[in-house]
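A.B. asks: sharing a sequence plus its predicted fold:
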Amino acid sequence: MQQNREVISQWSESAPYWEKHREIIREMFAPITQALIEDAEITGRRAVLDVATGPGEPALSIADLIGPEGKVVGTDAVPEMVEAARRERHRRGLHNASFEVAFAESLPFPANTFDAVVSRFGVMFFASPVDSVREWLRVLKPGGRIAMAVWHFAERNPFHYIVSQVVERYVDSSPPAPDSPDAFRFANPGKLQAVLSKAGVAATSERLLRFSIRASISVENFWTLRYEMSEKLRTKLAILSKQQVAELKREVIEALSAYSSDRGISFPTEVLIVSGRKEPS
Ligand SMILES: C[S@@+](CC[C@H](N)C(=O)[O-])C[C@H]1O[C@@H](n2cnc3c(N)ncnc32)[C@H](O)[C@@H]1O
């Protein structure tokens, strides 16, 4: 499918940067991982699937939590992401975690395999979120839990808008087509919950998670991380002259300084956590 191919090629280019910044990303998004663990009711002895794991999160954090009696499998459509996840698993000696290349819509597991399925910032990029969630239900055991994290509105998240407001002054950008793959595709409360219900998930719920994204890095290093993590930003800046990029960077860093202290950066953040379960048989 054309849409899938485009998403894959974009994420392949981003994989080395997500691996490079893995520790900071883990630190920044740790409260979201914690919310997914709570809403998916993950404890030891559980078999957990993390879909669209990227370079391995939240799968690796969950592997740490559940210990040797549980197991975690992370899947991602992009081989470079899966290789990065496997390298980290190996480096940390986490024998209860494994990683497979797979599209969210077509998983290489038998029915009724997992106690929980989680996904952090993945579903907004899938060609068919409803078909993907149906596939997750197939591999879930009866009574098993699903929990996903998606961004709330961009204007509630300075992590995004501080940079994009400046970039928009330099590069014309049209809004994404309705329901196309995009970070804010499920920002509207209720939209992802309706997808879960349509796919057949029972007892769905949604909660707004408010927290602070924190990282012990300078604004300069945060700019580098934001720019490198985002294929959209890299593409937009590629058409600017060196002088324009330097000016843009100066403006972004000035705007970011309001969120910086000697302990690092801190942004108020809003994310939706949407969850439910497979009907018990
Ligand atoms: C924003 S990253 C999230 C990575 C990780 N879950 C995290 O929170 O750090 C989105 C991931 O979704 C993956 N992805 C996009 N479309 C996919 C699909 N159809 N099936 C599986 N993975 C997909 C990308 O390769 C990328 O690794």
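C.D. replies: Sure, I can see it. Just so you know, these numbers come straight off a predicted model, no measurement behind them. Numbering: from 1, shown residues only.
A.B. asks: spell out which parts of the chain neighbour the ligand.
C.D. replies: Within reach of the ligand by C-beta under 6 Å from any ligand atom, the chain has these residues: 4, 7, 11, 25, 29, 52-54, 57, 76-78, 81, 103-104, 120-122, 125-126. Where you see a C-beta, it was placed from the backbone N, CA and C, and this is true even at glycine.
A.B. asks: just the ones in strands from those, please.
C.D. replies: If you go by DSSP state E, the residues of the chain next to the ligand have D76, R120 in strands.
A.B. asks: and N112, that's in a helix?
C.D. replies: No: applying DSSP: H, G, I helix; E, B strand; the rest coil, one finds N112 to be coil, outside a helix.
A.B. asks: now it. Nearest residue, chain neighbours left out?
C.D. replies: Leaving aside its sequence neighbours, N112 sits nearest to K141 (C-beta to C-beta, 6 or more residues apart in numbering; 4.8 Å).
A.B. asks: check F211 too.
C.D. replies: Sequence neighbours aside, P31 is the residue nearest to F211 in space, at 4.2 Å (criterion: C-beta to C-beta, 6+ apart).
A.B. asks: who are the packing partners of the helix or strand containing that neighbour?
C.D. replies: Counting by DSSP states H and E, the element that carries P31 is helix 30-39. With contacts taken as 3 or more C-beta pairs under 8 Å, 6 or more residues apart in numbering; DSSP states H and E, helix 30-39 sits against helix 59-66, strand 114-120, strand 140-151, strand 202-215, strand 264-277.
A.B. asks: got the buried residues for that helix?
C.D. replies: Buried positions in helix 30-39, judged by neighbour count with 16 or more other C-beta atoms under 10 Å: A30, P31, I32, T33, A35, L36, I37, D39.
A.B. asks: closest to V163 among the residues you listed?
C.D. replies: Lowest distance from V163 to the buried residues of helix 30-39 (C-beta to C-beta) belongs to I32, with 19.4 Å.
A.B. asks: how close does the closest one sit to E270?
C.D. replies: Distance, I32 to E270, using C-beta to C-beta, to the nearest Å: 11 Å.
A.B. asks: now the common contact residues for these two.
C.D. replies: L209 (C-beta atoms under 8 Å, 6 or more residues apart in numbering).
A.B. asks: residues in contact with stretch 220-230?
C.D. replies: For stretch 220-230, using C-beta under 8 Å, 6+ apart, the contacting residues are 14, 17-18, 20-21, 24-25, 159, 163, 215, 217, 233-234, 237, 249, 252-253, 256, 260, 265.
A.B. asks: quick check: the residue of the stretch 1-150 of the chain nearest the ligand.
C.D. replies: G54 (2.6 Å; C-beta to the nearest ligand atom).
A.B. asks: let me see the contact set for the closest residue to F121 other than its chain neighbours.
C.D. replies: Spatial nearest neighbour of F121, chain neighbours left out: A149 (6.2 Å); criterion: C-beta to C-beta, 6+ apart. The contact partners of A149, taken as C-beta under 8 Å, 6+ apart, are I32, A35, L36, S119, R120, F121, L209, V271, L272, I273, V274.
A.B. asks: H90: which of these is nearest?
C.D. replies: R120 (21.7 Å).
A.B. asks: enumerate the beta-bridge partners assigned to the spatially closest residue to the closest one that is not a sequence neighbour.
C.D. replies: Computed as C-beta to C-beta, 6+ apart, the closest residue to R120 that is not its neighbour in sequence is A149, at 4.7 Å. As for beta bridges, A149 partners with R120, I273 under DSSP bridges.
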